[in-house]
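> here is my input, please return the structure:
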Amino acid sequence: MQNDSFLRACRGERPERTPIWLMRQAGRYLPEYRAVRARVSFEELCRTPDLCAEVTLQPIDRLGVDAAILFSDILVVFDALGVDVRFEPSPVIAAPVRTRADVDRLQWMDPREACHYVYAAVRACKAALADRVPLIGFCGAPFTTLSYLVEGKTSREFEHVKALMFCEPGLFGQLMERLTDLLIDYLRGQVEAGADALQVFDSWAGALAPDDYREHVQPHTARLCAAVREFGVPLIMFTRGNANLLAYSAEMPADVIGVDWSIDMARAIDVVGPERVVQGNLDPFALLGPPALVERKARGVVAAGRRARAHIFNLGHGISRHTDPAIARLLVDTVHDA
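Numbers count the residues shown, from 1 in each chain. I've put the predicted structure just below:
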């Protein structure tokens, strides 16, 4: 690997400079990505391996980040359930799963067959990267994946998935158990195809009260992490939206704990412990500010990250589509020079 600083940090080492990559770094803020999207739909892009490789590499060339992340979407795994998803542009599921009868209609196919294009994309990305930087594969965590399946779209209240959890905990638990098995197989296939590291996104865990998260969600996510670590590549666990859940994230058997912007990085390290590797946590909308502010905030995060065993710089969530690519490049250069 020509640049292995990201992987070294995942292992708890301290590279010469802090490694950085950005969630959603291949996406709408890049004009070259928008040029590709002008030709194909989002669904077609996700299912065309050569195009996935093209857009995965775009930020490597433009920004100089230390890792690539596979261009895909956490919901393509629904192909293994026989569930149709449309992106309009946010995901919409025409037939949400909310009853026992809905659950009985799910197909539970082998993701390595139903999502074969994902693994082809991983192989295409690895070939195109030619060991310049590592490739990160990913999935949604069981709760986040289930939330989309039950709500049918992005939600603010999460009333349907919470109703399922509170009113039919047995059915909720069954779904979480089977989704966990599916996601383990899904990530195993990504590693077999060549992914150098993995990240689990629990984007909607912050919708839950801490005790509900601990009772109904944490055991399944922990089982996912434990199984995936056996695949022999570093694992990042990222839980978004509720700083009160960070202590529970720190209990996960993951190599790296992702931190969102809802807590100061220094405080986050106090919570997870200085012996852990952390990733994060600049507010992505800070990149809409002036260059001097971006530089100051980035240096502050890097300085705080030195209290941890190792630190991978990232945003607290995905980069905004309104970000100037020049500012994103400034961020990368600032982190490398800090």
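> ok, the closest residue to residue 32 other than its chain neighbours to residue 258 distance?
Setting aside the residues directly before and after it, residue 32 is nearest to residue 58 in space (CB to CB, 6 or more residues apart in numbering), at 5.1 Å. Placement of C-beta: from N, CA and C, glycine included. Going from residue 58 to residue 258 by CB to CB, to the nearest Å gives 23 Å.
> of those two, who's got more company?
Taking neighbours as other CB atoms under 10 Å, residue 58 and residue 258 compare with residue 258 leading, 26 against 21.
> distance-wise, check that one relative to residue 334.
Per CB to CB, residue 258 is found 20 Å from residue 334.
> what do you get for residue 206?
For residue 206, the distance to residue 334 - CB to CB - is 28 Å.
> backbone dihedrals for residue 2, please?
phi -60, psi -40 (degrees, to the nearest 10).
> host element of the closest residue in space to it that isn't next to it in sequence?
With CB to CB, 6+ apart as the criterion, residue 2 has its nearest non-adjacent residue at 5.2 Å, and that residue is residue 132. Residue 132 belongs to no helix or strand when assigned by DSSP states H and E.
> surely residue 132 meets residue 4?
No: between residue 132 and residue 4 there is no contact under CB atoms under 8 Å: 10.5 Å.
> just to revisit the earlier point, what's the burial count for the residue nearest to residue 2?
Here the number of neighbours of residue 132 (other CB under 10 Å) works out to 15.
> so who does residue 197 touch?
Listed by CB atoms under 8 Å, 6 or more residues apart in numbering, the contact partners of residue 197 are 6, 7, 10, 67, 134, 135, 136, 137, 233, 234, 235, 236.
> try it again with 6 Å
Contact partners of residue 197, counting by CB atoms under 6 Å, 6 or more residues apart in numbering, are 134, 136, 233, 234.
> what does residue 242 give?
Contacts of residue 242 (CB under 6 Å, 6+ apart): residue 206.
> try it again with 8 Å
Residues near residue 242 by CB under 8 Å, 6+ apart: 205, 206, 207, 208, 210, 262.
> got it, and residue 70?
52, 56, 118, 121, 122, 125, 135, 136, 137, 138, 190, 195.
> which one among those gets closest to residue 217?
Lowest distance from residue 217 to these (CB to CB) belongs to residue 138, with 18.2 Å.
> ok, that closest one - how many residues close by?
Using other CB under 10 Å, residue 138 has 21 other residues around it.
> what helix or strand does it sit in?
Counting by DSSP H and E, residue 138 is part of strand 135-140.
> can you name the next helix or strand after that strand?
Following strand 135-140 toward the C-terminus (DSSP H and E): helix 142-151.
> got the contact list for that next one?
Contact partners of helix 142-151, identified using CB under 8 Å, 6+ apart, comprise 74-75, 77-78, 81, 83, 91, 93, 96-98, 139-140, 154-155, 158, 160-161, 164, 172, 175-176, 179-180, 183, 201-205, 207-208, 217, 220-221, 224.
> show me which of those are buried.
Using 16 or more other CB atoms under 10 Å as the burial test, the contacts of helix 142-151 include 74-75, 77-78, 81, 83, 91, 93, 96-98, 139-140, 155, 158, 160-161, 164, 172, 175-176, 179-180, 183, 201-205, 207-208, 217, 220-221, 224 as buried.
> helices - which of these land there?
If you go by DSSP state H, the buried ones among the contacts of helix 142-151 have 160, 161, 164, 172, 175, 176, 179, 180, 183, 220, 221, 224 in helices.
> kindly indicate which of the residues you listed lies nearest residue 290.
For those, the residue nearest residue 290 by CB to CB is residue 221; the value is 38.4 Å.
> how far away is the closest one from residue 191?
Taking CB to CB, one finds residue 221 at 18 Å from residue 191.
> ok, residue 311 next?
To residue 191, residue 311 is 24 Å away according to CB to CB.
> so those two - more neighbours on which side?
The residue with more neighbours, out of residue 311 and residue 191, is residue 311; 29 against 18, by other CB under 10 Å.
> for the host helix or strand of that one, which helices and strands make contact with it?
Using DSSP H and E, residue 311 sits within strand 310-315. Counting contacts by 3 or more CB pairs under 8 Å, 6 or more residues apart in numbering; DSSP states H and E, strand 310-315 packs against helix 5-10, strand 277-282, helix 291-305.
> buried sites along the helix or strand hosting residue 335?
Residue 335 is located in helix 325-337, with elements delineated by DSSP H and E. For helix 325-337, the neighbour count (16+ other CB under 10 Å) marks 325, 327, 328, 330, 331, 332, 334, 335, 336 as buried.
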